[in-house]
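A.B. asks: compute the structure for the input listed below.
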Amino acid sequence: MDIYLVGGAVRDKLLGRPVTDRDWVVVGATPEDMLAAGYRPVGKDFPVFLHGQTKEEYALARTERKTGRGYHGFAFHADPSVTVEQDLERRDLTINAIAEREDGTLVDPFGGVSDIGTRTLRHVSAAFAEDPVRLLRVARFAARYAPLGFTVADETMTLMRRMVDDGEVDHLVPERVWAETRKALSEPMPSAFLRVLRESGALRVLFPEVDALYGVPQRPEFHPEVDTGIHMELVLDAAARLAPGDALVGWCALTHDLGKALTPADVLPRHIMHEQRGIEPVRAISARLKVPAEYAFMAEMVCKHHLNAHMALELKPATIFRLLEGLGSLRRPARLETFLLACMADKRGRLGGEDAAYPQADFLRACREAAASITSQPFVAKGLTGPAIGEAMKKAQVNAIAGVPRAAL
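C.D. replies: Below is the predicted model:
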């Protein structure tokens, strides 16, 4: 049998990036050969094995053919006659269709090395159009590699538009859309994910609430970028800089201004009550994509309260307490951090505002610490019982917040 290192490990080695996961393709072997060599089977749809020591995945070289709509509609064929070139042909992008032999030489039948050099995301073959998940993957790879100068090849973008027009994207199940979106929100430039989806036409199909933000004007004195969709892109990238790899902060950033698409035309470019208008679309997109409960909760809280965060130094102590309590941050301080990072990204996601100060964050952190320092013991010692303890604690917490110094804006 011949063994090749494939996919992302080869790509990232060529890019000079750290290699975290290594996948292998085995040519000229049967499942029985793998078992006899001590590999453990784990594949369900096709033969994949784990190495006994490294636990890395070794897959038998295989081909695939389309049998139905969507990403489930494939039949796989693996036997010793399948070549490494045939295995590489079924992959999505040329930069992912490079194999490395055990002696370090490369197998590059589709020009992946050249596309790495020109920073191009290009599909391997027309079979790309058979799997709608690949459109999301291209957008995700754009979010990862756009800082390195990668762009989508014109012919690949044309093919992706055709996939949208043909309705192939309509067959994506929510779980796969969310899985790719979550990964994209963890990448260095998630705005590229949106731009690729929008240019292909997939954004209006998969994320209509986000797509509706493009072309909606904002007041230029607060938003020099004017277009709400562009603001959303800037906020996403600000979130990625503030909280690298944190998809929860990214999801809150993506959804915080959805209400602006619902602002009546006669009041534009103002967006009075856009926080309240945004709650329904935030709930809709979270439910449709079946996002985790914490993502849905925090997205709604950021949508509803991000203006309160911006105005924190002007809020009454009781209002600040209700905000902290509503977040559940008195017991779960990490929630306040997520909230503040998303709000800070909103503040910095404006043309010329990339380094804007945000003293509201330290102020709200201090308020939480002050409120959390209040315990029940003194009130129990005074003889209070039941709900009276909670009421007394609440008053003391509001008073503790009132004592927190307010820095100048």
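A.B. asks: give me the neighbour count for the nearest residue to residue 2 once chain neighbours are set aside.
C.D. replies: Leaving aside its chain neighbours, residue 2 sits nearest to residue 27 (4.5 Å; criterion: CB to CB, 6 or more residues apart in numbering). All C-beta atoms are positioned from the backbone trio N, CA, C, and that covers glycine. Per other CB atoms under 10 Å, the neighbour tally for residue 27 reads 19.
A.B. asks: next one: residue 212
C.D. replies: 18.
A.B. asks: is it true that it touches residue 261?
C.D. replies: Yes. The pair residue 212 / residue 261 is scored as a contact, 3.7 Å apart, by CB atoms under 8 Å.
A.B. asks: could you point out which element follows the least confident helix or strand in the chain by mean pLDDT?
C.D. replies: Least confident helix or strand, the chain: strand 74-78 with a mean of 60, by mean pLDDT, DSSP states H and E. Note on strand 74-78: by DSSP states H and E, the next helix or strand toward the C-terminus is helix 84-89.
A.B. asks: for the stretch 151-300 of the chain, which segments count as strands?
C.D. replies: 151-152 (DSSP state E, counting those that start in this stretch).
A.B. asks: any idea which residue sits dead centre in the chain?
C.D. replies: Among the residues of the chain, the one closest to the centroid is residue 185, at 2.1 Å (CA atoms, centre = their mean).
A.B. asks: spatially, which residue comes closest to that one, not counting chain neighbours?
C.D. replies: Here the residue nearest residue 185, using CB to CB, 6+ apart, is residue 250, at 3.2 Å.
A.B. asks: with residue 299 instead?
C.D. replies: residue 255 (4.5 Å).
A.B. asks: before we move on, what's the pLDDT of that neighbour?
C.D. replies: Looking at residue 255, its pLDDT is 98.
A.B. asks: the one 5 residues further on now?
C.D. replies: In the predicted model, residue 260 carries a pLDDT score of 97.
A.B. asks: that one contacts residue 215, correct?
C.D. replies: No. Counting by CB under 8 Å, residue 260 does not reach residue 215; the two are 11.0 Å apart.
A.B. asks: returning to that earlier point: ok, the residue nearest to residue 2 - contacts?
C.D. replies: For residue 27, the contact set (CB atoms under 8 Å, 6 or more residues apart in numbering) comprises 1-4, 61, 80, 82-84, 87.
A.B. asks: list phi and psi for it.
C.D. replies: phi -110, psi 140 (degrees, to the nearest 10).
A.B. asks: quick check: the gap between it and residue 6.
C.D. replies: 11 Å (CB to CB, to the nearest Å).
A.B. asks: which residues do the two both contact?
C.D. replies: residue 87.
A.B. asks: coming back round to it: what about the residue nearest to residue 299, how many residues nearby?
C.D. replies: Residue 255 has 28 nearby residues by other CB under 10 Å.
A.B. asks: show me what contacts residue 400?
C.D. replies: So residue 400 contacts 370-371, 373-374 (CB under 8 Å, 6+ apart).
A.B. asks: same question for residue 121.
C.D. replies: 93, 95, 115, 138, 141-142, 145, 150-153, 156.
A.B. asks: inside helices: which ones of these?
C.D. replies: 115, 138, 141-142, 145, 156 (DSSP state H).
A.B. asks: by neighbour count, which of those wins?
C.D. replies: Most crowded among the ones in helices among the contacts of residue 121, counting by other CB under 10 Å, is residue 138 at 28 neighbours.
A.B. asks: the residue nearest to that one when sequence neighbours are not counted bridge partners, please.
C.D. replies: Nearest non-adjacent residue to residue 138, counting by CB to CB, 6+ apart: residue 121, 5.7 Å away. Note on residue 121: beta-bridge partners by DSSP bridges are residue 152.
A.B. asks: how close does residue 121 get to residue 143?
C.D. replies: From residue 121 to residue 143 the distance is 11 Å (CB to CB).
A.B. asks: then residue 401?
C.D. replies: 39 Å.
A.B. asks: what of residue 123?
C.D. replies: For residue 123, the distance to residue 143 - CB to CB - is 17 Å.
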